[in-house]
Structure formats: structure tokens, C-alpha cells
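Trainee: turn this into a model:
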Amino acid sequence: MSENTVRKFLEDNGYASRLTDLGVACPSVGQAAEAIGCTVGQIAKTLALATRRGVILVVTAGDVRLDNQKFKYRFSCKAALLGAAEIQATLGCEPDAVSPFCVPAGVRVYLDESLFAHAEVYPAAGSAKLSARLTPGELAGLLSGCETVDVTHGSEMNHAG
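Mentor: Modelled structure (predicted):
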């Protein structure tokens, strides 16, 4: 999921004007929110997790945390974040640039309900310095076959913006 691949995917789907180059890498949701000028909750963080059925991506609002009980109930296993080397090997990107777009075959993407509390969200677009401004519905539409899940709990981070 390189920046060029994601950029072309978004351009081909009519979302080129929604890309935002942050100028510098923003490896945390707080840094990304500050660079964009939005709340931390609007940053759509993409978590790479190992499950019994393989690697999955769960996209959540930036101000929530995984709820281990909800995750275990939904996926029948404990949440296990991939390490940096696993992310690089499985997804072909840096750990701070995990994007829900253009994922390798077999990697399922899930959108957490927390995203739908925001009119617009900003997922990474193949790089820690590139983001896309989308509604949660547009994001779901671009990720054909993704499911909505409820695997997080409350806003626990300070908002920026």
C-alpha cells in the first residue's frame, strides 16, 4: 500500500481533490490532527491486528481505544497488534502509515462504529504525511466489502483543533 498506489486509487475513484499532503510525517493521531486542523477523533486510525483467520485492519476514530472484551466477542480471539516488522512484511508499509486502502489480498478491513460520530474523517493514504478527507460513508464505499463493527470504547484522548 504505497503512497503512489493509494494516490492513484483515490484519483481513479474521483477523490483526488480530497488528498491532503501534511508536509511532514505525522506518526501519531495528535500530530496528524494538529497538521490537518481537526479533532483527534476525526483522525481515522488504522490498526493492524492478527486474528485466527489472519491479519485484519480495524479503522477507528482517533480518540477511542480497542475494547478487548468487544474485540474478543466479535473475532473470537484476543486483540494482538502487529509489530513493525510484521506490518512491513504483511502490508508493505511503515507502521505509522497503515492505510485502509489498497490492502493485500486476504486482509479484511473493518470500520468501527466510532467513525460514524464524525461528519468527516481523515485516514492515512499510504504515507504518514498523506491523508484523505472523507465522510465515513464515502470511506465505507471505497472499501468494498468492509463491515462495520463495535470494538472500541469511549473517547479517552484530548481533542485538538
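
Trainee: hmm, residue 90 is touching residue 105, no?
Mentor: No. Counting by CB atoms under 8 Å, residue 90 stays clear of residue 105, with 11.4 Å between them. Where you see a C-beta, it was placed from the backbone N, CA and C, and this is true even at glycine.

Trainee: once you drop chain neighbours, what's closest to residue 117?
Mentor: Among residues not flanking residue 117 along the chain, residue 61 sits closest, at 6.5 Å (CB to CB, 6 or more residues apart in numbering).

Trainee: show me the shaky parts of the protein.
Mentor: Within the chain, the set of residues satisfying pLDDT under 70 comprises 155-161.

Trainee: count the residues that sit near the residue nearest to residue 84 when sequence neighbours are not counted.
Mentor: Using CB to CB, 6+ apart and skipping the chain neighbours, the partner closest in space to residue 84 is residue 95 (4.5 Å). Using other CB atoms under 10 Å, residue 95 has 17 neighbouring residues.

Trainee: how far away is residue 95 from residue 88?
Mentor: The gap separating residue 95 from residue 88 is 8 Å, by CB to CB, to the nearest Å.

Trainee: residue 104 against residue 92, yeah?
Mentor: Yes. Under the criterion of CB under 8 Å, residue 104 makes contact with residue 92 at 7.1 Å.

Trainee: more neighbours: which of these two?
Mentor: Remark: of residue 104 and residue 92, residue 92 carries more neighbours, 14 against 10, as counted by other CB under 10 Å.

Trainee: residues contacting the nearest residue to residue 68 once chain neighbours are set aside?
Mentor: Excluding the flanking residues, the one nearest residue 68 by CB to CB, 6+ apart is residue 79, at 5.9 Å. Taking CB atoms under 8 Å, 6 or more residues apart in numbering, we find residue 79 in contact with 49, 66, 68, 71-72, 151.
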